[in-house]
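Chemist: please find the sequence and the predicted model below.
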Amino acid sequence: MNLKHPLIIALMTGLLGASSAVAAESGQSPMFWAKSNESNRDTVNHRQWNELLSTHVVNTGQGVNRFRYGSVDKNEQKRLSDYIAYLAKIDPRDYSRDEQKAYWLNLYNALTVKLISENYPIKSIREFGKKMAGSSLLTKPLIKVADNPLSLNDIENRILRPIWKDHTIHFGLNCANMTCPGLLPKAFTGENVTSLLKQSGRDFINKQNGVTLKNGKLTAAGVFGQYRSDFATDDKMMLKVFAHYADDRLALYLLGFQGEINYVHDYSLNGL
């Protein structure tokens with residue numbers, strides 16, 4: 001066979017192009033999930049999740065909002081499982097971009113709450129490595145959406161981060177430790193997702209443990225260091241991000257700060 005024949009070359013090129021297109025459309029690719037239908041005014045029903053959050057999210061007045069994982073009873077577990085099953089039957093690509101964003105944030109958080117409450121008591125989500133035979137809670141497929149198995153890592157790093165390119169998503173994800181923003185007491189919806197994420201950022205910076213400036217030292221929660229490229233290109237820009245969410249007095253101190261930012265991690269569970 002003459003592999004240099006023009007017809008053979010054209011056929012091989014076409015086959016390679018087709019295989020690349022299939023790969024690009026894989027559920028592991030952001031391109032697969034980037035589709036939306038902005039003309040669709042339908043909404044996803046998050047009522048069951050909203051009821052659970054309003055019941056079990058506690059504002060302790062310090063640190064981050066806590067979730068009462070150990071207080072989720074069998075009936076609530078059933079409703080939570082039903083809610084997750086309902087979301088699994090939805091193809092979010094059929095909805096508007098705001099509905100999608102709320103969908104993915106709620107799904108991620110509902111999955112973490114389900115796993116932790118079912119395995120409570122635990123002191124840290126890092127304990128799941130032992131419970132899952134060495135697998136990470138973040139990388140183990142937990143749900144199938146549009147015929148694609150997805151892990152928490154997939155939802156965050158293959159869908160939310162690359163598609164929206166919006167640092168405020170980190171104010172809405174329950175990483176379940178004390179150096180991430182806590183769960184909000186209400187579910188995200190397409191209508192409130194933008195305003196709730198901004199409010200969560202303000203609460204994290206001003207009222208919780210997102211940023212602490214004391215005795216000339218600036219400490220920031222580990223989420224800012226872990227996902228630094230999502231927030232800023234350097235520490236100077238990061239200070240501007242902090243100041244954007246900070247109350248006026250703290251914002252002035254932050255904009256004038258000349259030292260280093262110390263990023264701290266506390267992996268203890270954000271539960272009660």
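Modeler: Looks like it arrived, so ask away.

Chemist: helices of this structure, start to end?
Modeler: For the chain, the helices defined by DSSP state H occupy 6-24, 30-33, 47-56, 74-88, 97-119, 128-131, 152-154, 161-164, 193-206, 222-226, 228-231, 235-245, 248-256.

Chemist: which of these is buried the deepest?
Modeler: Highest mean neighbour count among the helices of the chain (mean count of other CB atoms under 10 Å): helix 97-119, with a mean of 22. Where you see a C-beta, it was placed from the backbone N, CA and C, and this is true even at glycine.

Chemist: next, the angle helix 193-206 makes with that one.
Modeler: Inter-element angle recorded for helix 97-119 and helix 193-206: 60 degrees (by axes from the mean of the first three to the mean of the last three CA atoms, to 10 degrees).

Chemist: got the angle for helix 97-119 vs helix 47-56?
Modeler: Using the same axes, to 10 degrees: helix 97-119 against helix 47-56 is 60 degrees.

Chemist: between the helices of the chain, which gets nearest to Leu272?
Modeler: Distance to Leu272, taken as CB to CB, is lowest for helix 47-56 among the helices of the chain, at 8.7 Å.

Chemist: using PDB, write out every CA atom in the closest one.
Modeler: Output of helix 47-56 as PDB, limited to C-alpha atoms (Å, rounded to 0.1, in the frame of the first residue of the first chain):
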ATOM      1  CA  ARG A  47     -35.800  22.500  47.500                       C
ATOM      2  CA  GLN A  48     -34.700  19.400  49.300                       C
ATOM      3  CA  TRP A  49     -31.100  20.500  49.400                       C
ATOM      4  CA  ASN A  50     -32.200  24.000  50.600                       C
ATOM      5  CA  GLU A  51     -34.200  22.400  53.500                       C
ATOM      6  CA  LEU A  52     -31.200  20.400  54.600                       C
ATOM      7  CA  LEU A  53     -28.900  23.400  54.600                       C
ATOM      8  CA  SER A  54     -31.300  25.600  56.400                       C
ATOM      9  CA  THR A  55     -31.600  23.000  59.100                       C
ATOM     10  CA  HIS A  56     -28.000  21.900  59.600                       C
END
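
Chemist: identify the residues contacting it?
Modeler: 67-69, 71-72, 76, 79-80, 82-83, 86, 106, 109-110, 113, 183-187 (CB atoms under 8 Å, 6 or more residues apart in numbering).

Chemist: about what we covered before: now tabulate the helices of the chain in JSON lines and tack on distance to Pro141 and mean pLDDT.
Modeler: Below are the helices of the chain laid out as JSON lines (distance: least, CB to CB, whole Å; pLDDT from 0 to 100):
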{"stretch": "helix 6-24", "distance to Pro141": "19", "mean pLDDT": "45"}
{"stretch": "helix 30-33", "distance to Pro141": "15", "mean pLDDT": "94"}
{"stretch": "helix 47-56", "distance to Pro141": "21", "mean pLDDT": "98"}
{"stretch": "helix 74-88", "distance to Pro141": "12", "mean pLDDT": "98"}
{"stretch": "helix 97-119", "distance to Pro141": "11", "mean pLDDT": "97"}
{"stretch": "helix 128-131", "distance to Pro141": "14", "mean pLDDT": "64"}
{"stretch": "helix 152-154", "distance to Pro141": "8", "mean pLDDT": "95"}
{"stretch": "helix 161-164", "distance to Pro141": "18", "mean pLDDT": "97"}
{"stretch": "helix 193-206", "distance to Pro141": "25", "mean pLDDT": "96"}
{"stretch": "helix 222-226", "distance to Pro141": "23", "mean pLDDT": "95"}
{"stretch": "helix 228-231", "distance to Pro141": "24", "mean pLDDT": "97"}
{"stretch": "helix 235-245", "distance to Pro141": "33", "mean pLDDT": "97"}
{"stretch": "helix 248-256", "distance to Pro141": "40", "mean pLDDT": "96"}
